[in-house]
Structure formats: C-alpha cells, structure tokens
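Novice: Need the 3D shape of this:
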Amino acid sequence: MKNWNPKIWEIGPGRIQRDSISEAAGLLIAGGVVVYPTETFYALGAVPFIEEAVGRIFSIKGRDSRKPLPLIASRMEAILPAVSGWSDTAEKLAGLFWPGPLTLVLPASPKIPPVLHAGTGKIAIRISSNPVAALLAEAAGGLLVSTSANRSGEKPPSRPVEIDEGILAGTDGFIDSGDLPGGLPSTIIDASASQPRLIREGAIGWDTIHGALVGAGMT
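Specialist: Residues are numbered from 1 along each chain as shown. Here you go, the predicted structure:
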C-alpha cells in the first residue's frame, strides 16, 4: 500500500479547479514543495525566494548544488523583474514561442537568490503553456522553480505512476493531472548575449528557432 505524505489534488484536463490551485499555492507561499504538471513532464516547484524550500528541492532530487534550477513564470510581467537584461533576441523568441517549451537563459536580477543560478549570474526561465502550471505560478506570486520531478540522472515522469514514491514523500503537495504529453523537455537557449546559443535541443528544434531569427534578420 502506498504511503504518501503530500496533499493530493486531482485536476484533469479541461476542468481547472481554482480552489485546489489556491490551496496548493498557499503551501508554496508557506515554504512548501509541490509536484505539478507542465506541458511536458511533472515538475518540482517552490517559491524561488524561499531559500529553505529551494534547498529542499536540491535534497529531494539529489541534485548537485552547482547546477542551476530553472523557473517558470505566469506571464511576462513576472519575468522582467527577475532578469537584469532583456535582449532583442529574447523579445523575438518570447513573442514566437511563449507560452511553450522554450527556456531562455538571461542575466539574473540581483533579487534572484544565487542558489538558484549557482552563482552564474544567469537564470533560465520560460512561460509554461500548461494552464495549471501558469495559474499555480500566478497564485504563488508569479514565479516558480520548475525542475523535473525525478532524481537527478533519472527519466523525467510524464505519468503519475512514474513519479518515484520517495520523491513524492519529500513534498507537501501533488497536483495530479493524469498523463502528460512527455516527449522531449524544453529547449534551452542562452539569450543573454547578442548571438543566441543552443544549450539543449528539446521540444522546439534548433532549426525552427534559428530559422525564425534568420527570417527576422537577427542572426
């Protein structure tokens, strides 16, 4: 018999339950860690400004503290205070591919705790196209840590049954949205300089991104 500690909410596609999202956001604001759905995989989330909660995510995943943690935002207004630079390239890519599985690496605002970017001075961020993720981020203040809900080095889960019970047991809440699309993770582009650099090719192909920039005369 499974012995899960977290509060579990079932929010299926097409039936967004705002009371459940509000309750989950309350846990996050209180310093909790919640598993929630994104447009690809389930993620571990915390309010990025609560360093104890961020530390718990590193511990739950067994993640090296020298590896930065990415963020999702509910909307553009939440992103701009989190970054200290916003290039023309970032503007173009955000306009074309957000909300969606494109993560941009940008100069981090001094407001962002260094533990999130491992002292690199850059933060990885995107706006998720999953409505539950977007509403949860909004209800929790606009920004959420968003790292796959698996132990470091293991396969990210797209179905509830794939989430390790040890991962769940370390959290305070789980938003169960059933099976997610899975596939490839978000593509990561460093947009902090004038010329964008591919860090990880994922759900959006580099050819698509590069072609869009070429078409706009930006590379």
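
Novice: End to end on stretch 156-165, go ahead and measure it.
Specialist: Counting by Cα to Cα, to the nearest Å, you get 14 Å between the two ends of stretch 156-165.

Novice: pretty sure Thr147 contacts Phe41?
Specialist: No. Contact between Thr147 and Phe41 fails when scored by Cβ atoms under 8 Å: they sit 9.8 Å apart. Bear in mind the C-beta positions are built from the backbone N, C-alpha and C, glycine included.

Novice: out of the two, which sits in the more crowded spot?
Specialist: Ranked by neighbour count (other Cβ atoms under 10 Å), Thr147 and Phe41 place Phe41 first, with 26 against 23.

Novice: Phi first, then psi, for the residue nearest the centre of the chain.
Specialist: Note on the chain: the residue nearest the mean C-alpha position is Ser146, at 2.6 Å, using Cα atoms, centre = their mean. According to degrees, to the nearest 10, the main-chain angles of Ser146 amount to phi -140, psi 90.

Novice: Return the residues in contact with it.
Specialist: Applying Cβ atoms under 8 Å, 6 or more residues apart in numbering, we find Ser146 in contact with Thr38, Ala43, Leu44, Gly45, Pro70, Leu71, Ile72, Arg126, Ser128, Ala133.

Novice: mind checking how far the fifth one is from Leu143?
Specialist: Just to be clear, that refers to Pro70. Pro70 sits 11 Å away from Leu143, going by Cβ to Cβ, to the nearest Å.

Novice: Show me whatever sits in contact with both of those two.
Specialist: Joint contacts of Pro70 and Leu143 (Cβ under 8 Å, 6+ apart) are Ile125.

Novice: the helices in this protein, which residues?
Specialist: Using DSSP state H, the helices assigned to the chain run over residues 18-29, 51-61, 76-79, 88-97, 114-117, 131-139, 165-169, 206-215.

Novice: And the lowest mean pLDDT element among the helices and strands of this protein?
Specialist: helix 206-215 (a mean of 89; mean pLDDT, DSSP states H and E).

Novice: who touches that one?
Specialist: With contact meaning Cβ under 8 Å, 6+ apart, helix 206-215 is reached by Thr89, Lys92, Leu93, Leu96, Phe97, Leu102, Thr187, Ile189, Pro196, Leu198, Thr219.

Novice: Now do that helix against helix 88-97, angle only.
Specialist: Angle, helix 206-215 to helix 88-97, by axes from the mean of the first three to the mean of the last three Cα atoms, to 10 degrees: 120 degrees.
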